[in-house]
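Chemist: here is a sequence with its predicted model. Questions after.
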Amino acid sequence: MKKVITYGTFDLLHYGHINLLRRAKALGDYLIVALSTDEFNWNEKHKKCYFSYEQRKQLLEAIRYVDLVIPETGWEQKSGDVREFRVDTFVMGDDWEGKFDFLREQCEVVYLPRTPEISSTQIKRDLGR
């Protein structure tokens, strides 16, 4: 079984997120999503989410491409997750291109193109948040 992992906040879930998850799942048999916790988002990314971690987790678990959701609590956990879950492929959006190349010693690293016309930031801006 080929395992794939991706990371993100997935707040204000939209079709760009779904595209990423669909394409990530197509790279293997089992997709793990490491979902940023509220504390990690606030303390490290300086982001306040509209939906709580538990709400975002429920949304992701309802998506047919997602097999497992785990908490992302810090930047440094990626290497340990790859080892613990025996991940074959690490996937991120291409806005992170090159940032996780250090994981190539452990697994394949793939940067997928983002859906260009949509982002959570754009939705927030359009809604005046």
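Modeler: Structure's in. What do you need? Residues are numbered from 1 along each chain as shown.

Chemist: only C-alpha atoms from now on, for both contacts and neighbour counts.
Modeler: OK.

Chemist: what comes up buried for the helix ranked longest in the chain?
Modeler: Looking across the chain with DSSP state H, the single longest helix is helix 15-25. The neighbour-count criterion (16 or more other Cα atoms under 10 Å) identifies 16-18, 20-22, 24-25 as the buried residues of helix 15-25.

Chemist: again with stretch 102-120
Modeler: 106-107, 109-112, 114, 119-120.

Chemist: what of stretch 27-42?
Modeler: Under 16+ other Cα under 10 Å, the buried positions of stretch 27-42 are 27-28, 30-41.

Chemist: and stretch 78-86, by the same measure?
Modeler: So, applying 16+ other Cα under 10 Å, buried residues of stretch 78-86: 78-79, 81-82.

Chemist: quick one: distance of that stretch to the chain centre.
Modeler: Relative to its chain's centre, stretch 78-86 lies at 15 Å (Cα atoms, centre = their mean, to the nearest Å).

Chemist: can I get the CA coordinates of it in PDB?
Modeler: Output in PDB follows, covering the C-alpha atoms of stretch 78-86 (Å, rounded to 0.1, in the frame of the first residue of the first chain):
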ATOM      1  CA  LYS A  78       7.000  16.300   9.300                       C
ATOM      2  CA  SER A  79      10.000  14.000   9.300                       C
ATOM      3  CA  GLY A  80       8.700  12.100  12.300                       C
ATOM      4  CA  ASP A  81       5.300  11.700  10.600                       C
ATOM      5  CA  VAL A  82       6.900  10.300   7.500                       C
ATOM      6  CA  ARG A  83       8.700   7.800   9.600                       C
ATOM      7  CA  GLU A  84       5.800   6.900  11.900                       C
ATOM      8  CA  PHE A  85       3.200   6.400   9.200                       C
ATOM      9  CA  ARG A  86       5.700   4.900   6.700                       C
END
